[in-house]
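S.K.: Turn this into a model:
(one chain, ligands or ions: 1)
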Amino acid sequence: MASQYSQNLFCVSSCNTQTCRILLTKLDIINPCRRIVKFPGKDMKGIPIKPDSLATINAHQFEFEFELIDSESPLKSKCISPYNKLLQSLTDCVNKEHLPLSILQEVPHKWERYGDLVLLPHNSFLSSDWCKCVDLWKAVKTALHCDRIAKNFPISNNEYRKSQAVMLLGQTGLVRHLENGIVYCYDVTKCMFSSGNVTEKLRLSHIDCSNEVVVDLFAGIGYFTLTYLVYSKAKLVHACEWNSDAVKSLEISLMENRVRDRCVIHAGDNRIVAPSGVADRVNLGLIPSSECSWETACKCLKPKGGTMVVHGNVNSILIEPRLLSVASCIKDKYSVKDVWCMWSEMVRHSFHDILSRIYPLSSWTVEAKHLEKIKSYAPHIDHLVVVLVCKPVDCH
Ligand SMILES: C[S@@+](CC[C@H](N)C(=O)[O-])C[C@H]1O[C@@H](n2cnc3c(N)ncnc32)[C@H](O)[C@@H]1O
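M.R.: Okay, the predicted model is just below:
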């Protein structure tokens, strides 16, 4: 931590400063983010050098006298990263209150910004010593140029997938967030925003759904619903969602994006409220698994069949036994991609079985058309999406 705010200085007499600066630049040891320091009353200047420069200095024959000293040199303003700005102002707070410098390790390097609200990660500012810092949130607010501060916590680990964020400064968590031209209005303390799913959102935005009716079984605040409406130009989207806060947000965002007329919201458990026999495409965006609603998804499809977009988390180390049962060959060790393909095959088989069971008069083909990793969810656990095309045989 100390190297963030203390620097080594290469000190030479003022008349040698310019020559020395050129030489140290050639040796690539000058620190471009720090300013040259003057020493009042001394004919000497300190040139900031990179922390690991000692070996280069020792290997070079300098034709003038110099001295290395450990002293602070101010950052050049254009080089101050938001993190360094935050660290600097919190260092001042910590010094003022005589708190242990070690708590500065809990200053976050990253955060999410939604308009004037900054969402800090859950592992920031953990020490109880921070409570003694009277100006803490004022300092964070000034350094990050925001009006409201909230702290994020892991999304609730159940099928509601609710946000657990708490407000630290400011009254309300309501935000109006713009991502890729779509406005999302929601409360960060009540609903999750799946910023990590952006690759899937971009993939969907290039699909033409202008002739399609889409059912989004796990609509949330409309992350995919709005993409289908705004970019894929879906004829109609049926959005199912059982969290009333998410439903309220979705309602507002549909109006803000001027697509309210092409969306029907079904508030409640999709297994009860989803419409049957209407869909050309069904989106199943629930992790770790959307399996609870696979039968519902099959019932949503039109009799001529359609497309299933199925999300799920897959563990490539602790391989589920039913994935091994669809493996194309038995091996001692499976690569990560082998496991992904086994998962896709298991999902394909399952949909085929469900369709054959609920529509026994037709025989069905189910083809996996696309398989993609959306993000790493945890070590060895990947969030995947598979696209299945399901058709009764007489409809080819
Ligand atoms: C993980 S969020 C994902 C939302 C959206 N697909 C996204 O990526 O942002 C899943 C949403 O499904 C909703 N949900 C889960 N099970 C449901 C069910 N059986 N019926 C309706 N909604 C459900 C949760 O409330 C949550 O808002």
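S.K.: quick one: the helices in the stretch 151-300 of the chain?
M.R.: 198-205, 223-230, 244-256, 270-273, 294-300 (DSSP state H, counting those that start in this stretch).
S.K.: Tell me which of those is the most buried.
M.R.: Between the helices of the stretch 151-300 of the chain, helix 223-230 has the highest mean count of neighbours, a mean of 26, where neighbours are mean count of other C-beta atoms under 10 Å. Quick note: C-beta positions are derived from backbone N, CA and C, even for glycine.
S.K.: now the angle from that one to helix 244-256?
M.R.: Between helix 223-230 and helix 244-256, the angle comes out at 20 degrees (axes from the mean of the first three to the mean of the last three C-alpha atoms, to 10 degrees).
S.K.: what's next to helix 223-230, contact-wise?
M.R.: Outside of helix 223-230, the residues that reach it under the criterion C-beta atoms under 8 Å, 6 or more residues apart in numbering are 181-182, 184, 193-194, 197, 200-201, 204-205, 209, 214, 216, 219, 234, 237, 239, 250, 253-254, 257, 259, 262-263, 283, 285.
S.K.: Just the ones of these in strands?
M.R.: Counting by DSSP state E, the part of those found in strands is 182, 184, 214, 216, 237, 239, 263, 283.
S.K.: My understanding was that the fifth one contacts residue 265; is that so?
M.R.: Translated: residue 237. No. Between residue 237 and residue 265 no contact is recorded; they are 9.4 Å apart, counting by C-beta atoms under 8 Å.
S.K.: Pull the number of nearby residues for residue 142.
M.R.: The burial metric for residue 142, expressed as a neighbour count using other C-beta atoms under 10 Å, is 13.
S.K.: same thing with residue 382?
M.R.: 19.
S.K.: Can you classify the residue nearest to it when sequence neighbours are not counted as helix, strand or coil?
M.R.: Distances taken as C-beta to C-beta, 6 or more residues apart in numbering place residue 373 nearest to residue 382, at 5.1 Å, with adjacent residues excluded. Assigned with DSSP: H, G, I helix; E, B strand; the rest coil, residue 373 falls in the strand class.
S.K.: Which one of the ones in strands among the contacts of helix 223-230 sits in the busiest neighbourhood?
M.R.: Within the ones in strands among the contacts of helix 223-230, neighbour counts (other C-beta under 10 Å) peak at residue 216, which reaches 32 neighbours.
S.K.: what about residue 317, distance to residue 345?
M.R.: Separation of residue 317 from residue 345 (C-beta to C-beta, to the nearest Å) stands at 19 Å.
S.K.: quick one: residue 330 from residue 337, how far?
M.R.: Distance from residue 330 to residue 337, counting by C-beta to C-beta: 17 Å.
S.K.: Quick test: name the residue nearest the centre of this structure.
M.R.: residue 196 (3.8 Å; C-alpha atoms, centre = their mean).
S.K.: which strands and helices sit next to the longest helix along the chain?
M.R.: As assigned by DSSP state H, the longest helix anywhere in the chain is helix 336-358. Helix 336-358 is packed against helix 294-300, strand 306-315, helix 321-324, strand 364-378, strand 381-392, with contacts defined by 3 or more C-beta pairs under 8 Å, 6 or more residues apart in numbering; DSSP states H and E.
S.K.: Report the angle between that helix and strand 306-315.
M.R.: 140 degrees.
S.K.: Who has more neighbours out of residue 330 and residue 337?
M.R.: Looking at residue 330 and residue 337 with other C-beta under 10 Å, you find the greater number of neighbours at residue 337, namely 11 against 7.
S.K.: how about the residues of this protein near the ligand?
M.R.: Along the chain, the residues adjacent to the ligand under the rule C-beta under 6 Å from any ligand atom are 159-161, 194, 197, 218, 220, 223-224, 240-243, 246, 269-271, 285-286, 293.
S.K.: hmm, try it at 5 Å
M.R.: Proximity of the chain to the ligand is assessed by C-beta under 5 Å from any ligand atom, with 159-161, 194, 197, 218, 220, 223, 240-243, 246, 269-270, 285-286 identified as the residues in range.
S.K.: Could you tell me which of these count as buried?
M.R.: The neighbour count (16 or more other C-beta atoms under 10 Å) marks 159, 161, 194, 197, 218, 220, 223, 240-243, 246, 270, 285-286 as buried among those.
S.K.: can I assume residue 205 is in contact with residue 180?
M.R.: Yes. Between residue 205 and residue 180 there is a contact under C-beta under 8 Å: 7.3 Å.
S.K.: Pull up the overlap in contacts between the two.
M.R.: In contact with both residue 205 and residue 180: no residue, using C-beta under 8 Å, 6+ apart.
S.K.: ok, back up a step: for residue 317 and residue 345, indicate the residue with more neighbours.
M.R.: More neighbours sit around residue 345 than around the other of residue 317 and residue 345, counting by other C-beta under 10 Å; the figures are 18 against 10.
S.K.: In contact with the more buried one, which residues?
M.R.: Listed by C-beta under 8 Å, 6+ apart, the contact set of residue 345 reads 326, 328, 368.
S.K.: Distance of it relative to the ligand?
M.R.: Counting by C-beta to the nearest ligand atom, to the nearest Å, the gap between residue 345 and the ligand amounts to 24 Å.
S.K.: Look up the pLDDT of that residue for me, please.
M.R.: Residue 345 is assigned a pLDDT of 96 by the prediction.
S.K.: who touches residue 339 in this structure?
M.R.: Contact partners of residue 339, counting by C-beta under 8 Å, 6+ apart, are 314-316, 319, 323.
S.K.: Using CSV, please lay out those residues together with pLDDT.
M.R.: Rendered in CSV, the data for the contacts of residue 339 read as follows (pLDDT from 0 to 100):
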residue, pLDDT
314, 96
315, 94
316, 90
319, 89
323, 91
